[in-house]
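K.L.:
Quick check, what structure comes out for this input:
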Amino acid sequence: MIEPIPYFYESINRNAIVVKPKKPLFDWINFIYPESPVSEKEEGNIYLIREMDSNEAIEKWLKRNYDQIFQNELNDWHTDEKDWPQKRTFKIFQEWFEYEIHSMVLDLEETDITKD
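P.N.:
Numbers count the residues shown, from 1 in each chain. All right, here's what the predicted structure looks like:
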C-alpha cells in the first residue's frame, strides 16, 4: 500500500498580485498589430511583493506602484515605448487589467526559489 504524502506547505515572505489583461489592452495591441489580432488571454502574470499585514496594505502598495506593473505588461506585448499609452493612471490600469491580491503564497517544492 502506498502511503499518502503528508500535506504541509510552507508560506514564503511574499504576497502576490495576479494581473490579467482586459479588453482595452487587446484593443490597443490589435491597433498596433492589425495583421495578427489577439483576443483574450486567460493566463495572467504574478507579481510577488514584500509581505504585508493586510490586503488593504497590498492595495495601497498597488496604488503607489501600479505603473511599474502597467509598463511591464505593455512591454510583454510591445517593446516600443513610444507606442505605449502615455496617460497611465490607476483608474486606467483598472480598466485595462483585472487583478487579484493574495496574501498567502505557499511553496510546495523543496528546492530553493531562485531569481533569473
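
K.L.:
Which parts of this structure are helices?
P.N.:
Assigned helices in the chain, in chain order: 23-32, 55-77, 90-96 (criterion: DSSP state H).

K.L.:
got a markdown table for these, with mean pLDDT and mean neighbour count too?
P.N.:
All C-beta spots, glycine's among them, are computed from the backbone N, C-alpha and C. A markdown table is the format used below for those (pLDDT from 0 to 100; neighbours: other Cβ atoms under 10 Å):
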| stretch | mean pLDDT | mean neighbour count |
| --- | --- | --- |
| helix 23-32 | 95 | 15 |
| helix 55-77 | 97 | 15 |
| helix 90-96 | 98 | 15 |
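
K.L.:
Please identify which of these is closest to Asn13.
P.N.:
helix 55-77 (13.6 Å; Cβ to Cβ).

K.L.:
For the residue nearest the centre of the chain, list each beta-bridge partner.
P.N.:
The centre of the chain sits closest to Val19, judged by Cα atoms, centre = their mean, with a distance of 3.2 Å. When bridges are called by DSSP bridges, Val19 pairs up with Asn45, Tyr99.

K.L.:
That one reaches Gln71, doesn't it?
P.N.:
No: the pair Val19 / Gln71 is not scored as a contact, 11.9 Å apart, by Cβ atoms under 8 Å.

K.L.:
Grab the CA positions of stretch 89-98 and hand them over as CSV.
P.N.:
What follows is the C-alpha trace of stretch 89-98 in CSV, where atoms were taken according to Å, rounded to 0.1, in the frame of the first residue of the first chain:
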residue,chain,number,x,y,z
THR,A,89,-3.4,56.4,-14.2
PHE,A,90,-4.5,53.9,-11.6
LYS,A,91,-8.1,54.2,-13.0
ILE,A,92,-6.8,53.3,-16.5
PHE,A,93,-4.8,50.4,-15.0
GLN,A,94,-8.1,49.1,-13.5
GLU,A,95,-9.8,49.5,-16.9
TRP,A,96,-7.0,47.6,-18.7
PHE,A,97,-6.3,44.9,-16.2
GLU,A,98,-8.1,42.7,-13.8
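
K.L.:
I'm done for today, thanks for sticking with me.
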